[in-house]
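A.B. asks: the sequence and its predicted three-dimensional model are supplied below.
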Amino acid sequence: MAASLTRSLISPLTSRTPAKPSRSDQAPQILLCARRRSCVSVRASTFGNNNSSDGAAVSSACNVLTQDSLPRRLTSAPVPNSGSGGSPLRVAYQGLCGAHSESAAQKAYPNCEPVPCDQFETAFEAVEGCSVDRAVLPIENSLGGSIHRNYDLLLRHRLHIVGEIKYAVRHCLLANQGVKVEHLKRVLSHPQALAQCEHTLTRLGLVREAVDDTAGAAKHVALKKLEDTGAVASSAAAEIYGLDILAEDIQDASLNVTRFLMLAREPIIAGTDRPFKTSIVFSLEEGPGILHKALAVFAERQINLTKIESRPMSWSSERFPGLDASGLQKCFHYLFYADFEASMASDDAKRALQDLEVMTGHEEKHGCFEPRPILPTSDFANVYQQFLQR
Ligand SMILES: O=C(O)C(=O)Cc1ccccc1
């Protein structure tokens with residue numbers, strides 16, 4: 001019990017926590033220079049397949065200029081599953097000890113040091129600020145669908161996808177010791193968890209209350225000694241916060257999988273020596289069938305799309321002049337995220353993206369960054385190509 005209480009006392013990083021370099025990054029950061037030109041920024045990464053080394057450099061973006069006064073070039077050699085100096089990788093996740101994201105982080109990086117963060121954005125900032133080495137954040141769930149917040153944050157932050165982990169989420173109904181399910185009137189949990197257990201919670205007639213994360217819900221129920229309120233959380237959270245498990249596997253479907261992205265400061269670029277995956281984000285000019293034409297560039301080359309997601313694009317009337325058919329200011333503009341099964345380094349993918357680029361919106365692109373150096377990579381790479389729209 002003592003060990004678990006210690007874990008539960010780890011205070012989560014918040015957006016107000018001053019960023020201090022993680023053990024692997026004690027030096028001041030090099031500020032990456034942004035150049036204003038129309039360009040495509042290539043962000044590269046590798047999907048982890050439960051291997052703990054994602055091959056991304058751990059500390060290059062935060063190292064001091066080397067004596068030859070040039071930033072140290074990224075090495076392509078696989079990096080062991082640890083920060084520099086052999087200390088465990090510090091991996092940020094959203095939630096408290098006992099959150100599903102913590103378990104996903106540990107699955108992605110066995111033996112890592114999970115670092116709880118109060119918000120998704122805090123985790124992004126922790127990686128950028130070098131107080132952690134990686135972040136593991138949910139991007140979609142097989143029942144609840146896409147987690148739009150993280151799609152939007154991917155565009156606002158300059159991190160790279162260096163892996164993905166699919167984690168089977170098992171939800172439990174927890175309550176304080178001695179409390180029976182018939183005593184419960186309310187239940188607390190993360191919105192995704194509540195959505196994934198809709199049928200069970202409706203059948204029990206429980207009023208739902210959304211909180212930041214499942215473990216936080218369990219901790220609140222325990223600390224307040226609530227007798228009419230339960231929590232939907234993991235069995236690990238029950239142990240950490242001393243709650244009874246009233247019911248296990250209460251999710252609406254037995255297969256309830258959340259796909260998490262593994263994010264790093266430094267990219268990894270795919271090769272062509274084994275199956276790969278690529279993720280891109282793009283906007284499109286107006287026109288009938290333009291989305292069909294855009295996706296056809298992949299179909300024509302037998303490239304399989306595994307995901308497409310659209311997200312509203314920040315817009316201004318100057319940037320998007322014009323009226324719609326009813327004479328009103330056009331105000332619905334979208335970015336499209338697409339994952340496809342091919343390597344960015346393959347000829348088919350290169351040609352598909354060249355054809356796509358002709359159709360993409362060419363609004364003034366601000367704040368583009370230098371395309372990253374092309375590097376060899378480990379297997380199943382996911383190249384995150386970003387048509388920057390600022
Ligand atoms: O709140 C948690 O435990 C999380 O990690 C977020 C979450 C919630 C439900 C499914 C997957 C991730």
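C.D. replies: Okay, I see it. Numbers count the residues shown, from 1 in each chain.
A.B. asks: now what about the strand or helix carrying residue 215, what contacts it?
C.D. replies: Under the criterion DSSP states H and E, the helix or strand holding residue 215 is helix 214-223. The contact list for helix 214-223 (Cβ atoms under 8 Å, 6 or more residues apart in numbering) reads 8, 95-100, 102, 171, 174-176, 188-190, 193, 211, 226, 229-234, 237-238, 240-243. Heads up, the C-betas are built off the backbone N, CA and C, glycines and all.
A.B. asks: okay, strands next: where are they in the stretch 251-390 of the chain?
C.D. replies: For the stretch 251-390 of the chain, the strands defined by DSSP state E, counting those that start in this stretch occupy 257-264, 277-283, 305-312, 334-340, 381-386.
A.B. asks: before we move on, back to that, tell me the mean pLDDT for the helix holding residue 215?
C.D. replies: Averaging pLDDT along helix 214-223 gives 98.
A.B. asks: close to the ligand, is that helix?
C.D. replies: Yes: residues of helix 214-223 contacting the ligand under Cβ under 6 Å from any ligand atom: 214-215.
A.B. asks: what do you get for stretch 127-146?
C.D. replies: Yes: counting by Cβ under 6 Å from any ligand atom, the ligand is contacted by stretch 127-146 at 138, 141.
A.B. asks: buried residues, that stretch. List them.
C.D. replies: 127-144, 146 (16 or more other Cβ atoms under 10 Å).
A.B. asks: same check on stretch 148-156?
C.D. replies: Neighbour counts over stretch 148-156 (16+ other Cβ under 10 Å) mark 150-155 as buried.
A.B. asks: check those for the minimum pLDDT and say which it is.
C.D. replies: residue 155 (82).
A.B. asks: contacts for the helix or strand hosting that residue next, please.
C.D. replies: Element membership for residue 155, per DSSP H and E: helix 148-156. Here helix 148-156 makes contact (Cβ under 8 Å, 6+ apart) with 120-121, 124, 137-139, 161, 261, 281, 309, 311, 335, 337, 384, 386, 389.
A.B. asks: from those residues, which two are the most distant?
C.D. replies: 138 and 389 (24.0 Å; Cβ to Cβ).
A.B. asks: so which of the contacts of helix 214-223 would count as near the ligand as well?
C.D. replies: 95, 99-100, 190, 193.
A.B. asks: among those residues, name the buried ones.
C.D. replies: 95, 99-100, 190, 193.
A.B. asks: which phi and psi does residue 287 have?
C.D. replies: For residue 287, the backbone dihedrals (degrees, to the nearest 10) come out as phi 150, psi 150.
A.B. asks: get me the contact residues on the stretch 251-390 of the chain for the ligand.
C.D. replies: By the rule Cβ under 6 Å from any ligand atom, the part of the stretch 251-390 of the chain lying against the ligand is residue 258.
A.B. asks: for the stretch 251-390 of the chain, just list every one of the helices.
C.D. replies: All helices of the stretch 251-390 of the chain, identified by DSSP state H, counting those that start in this stretch, fall at 290-299, 347-359.
A.B. asks: what residues sit buried inside the first one?
C.D. replies: With burial defined by 16+ other Cβ under 10 Å, the residues of helix 290-299 counted as buried are 294-295, 297-298.
A.B. asks: closest one of the residues you listed to residue 184?
C.D. replies: residue 295 (46.8 Å).
A.B. asks: please report how far the closest one lies from residue 360.
C.D. replies: According to Cβ to Cβ, to the nearest Å, residue 295 stands 13 Å off from residue 360.
A.B. asks: overlap of the contact sets of the two?
C.D. replies: The overlap between the contact sets of residue 295 and residue 360 (Cβ under 8 Å, 6+ apart) is empty.
A.B. asks: ok, and the closest non-adjacent residue to residue 310?
C.D. replies: Nearest non-adjacent residue to residue 310, counting by Cβ to Cβ, 6 or more residues apart in numbering: residue 334, 4.3 Å away.
A.B. asks: what of residue 191?
C.D. replies: Closest residue to residue 191 apart from its sequence neighbours, by Cβ to Cβ, 6+ apart: residue 210 at 4.4 Å.
A.B. asks: any idea of the pLDDT on that neighbour?
C.D. replies: 97.
A.B. asks: list the residues that contact the closest residue to residue 168 other than its chain neighbours.
C.D. replies: Excluding the flanking residues, the one nearest residue 168 by Cβ to Cβ, 6+ apart is residue 257, at 5.5 Å. Residues in contact with residue 257 (Cβ under 8 Å, 6+ apart) are 141-142, 166-169.
A.B. asks: thinking again about what came up before, between the strands of the stretch 251-390 of the chain, which gets the lowest average pLDDT?
C.D. replies: strand 381-386 (a mean of 37).
A.B. asks: which other residues reach stretch 95-102?
C.D. replies: Applying Cβ under 8 Å, 6+ apart, the contact partners of stretch 95-102 are 7-8, 10, 12, 93-94, 114, 116-117, 136-138, 167, 169, 190, 193, 212-216, 218-219, 233-234, 236-237, 239-241, 258, 260.
A.B. asks: how far does that stretch stretch from start to finish?
C.D. replies: 8 Å (Cα to Cα, to the nearest Å).
A.B. asks: over to stretch 273-287?
C.D. replies: 38 Å.
A.B. asks: do stretch 91-111 as well
C.D. replies: One end of stretch 91-111 to the other measures 10 Å (Cα to Cα).
A.B. asks: mind listing what's buried in stretch 183-203?
C.D. replies: Across stretch 183-203, burial judged by 16+ other Cβ under 10 Å covers 184, 187-190, 192-197, 200-201.
A.B. asks: pull the most distant pair out of the residues you listed.
C.D. replies: Pairwise over the buried residues of stretch 183-203, using Cβ to Cβ, the maximum falls at 184 and 192, 20.4 Å.
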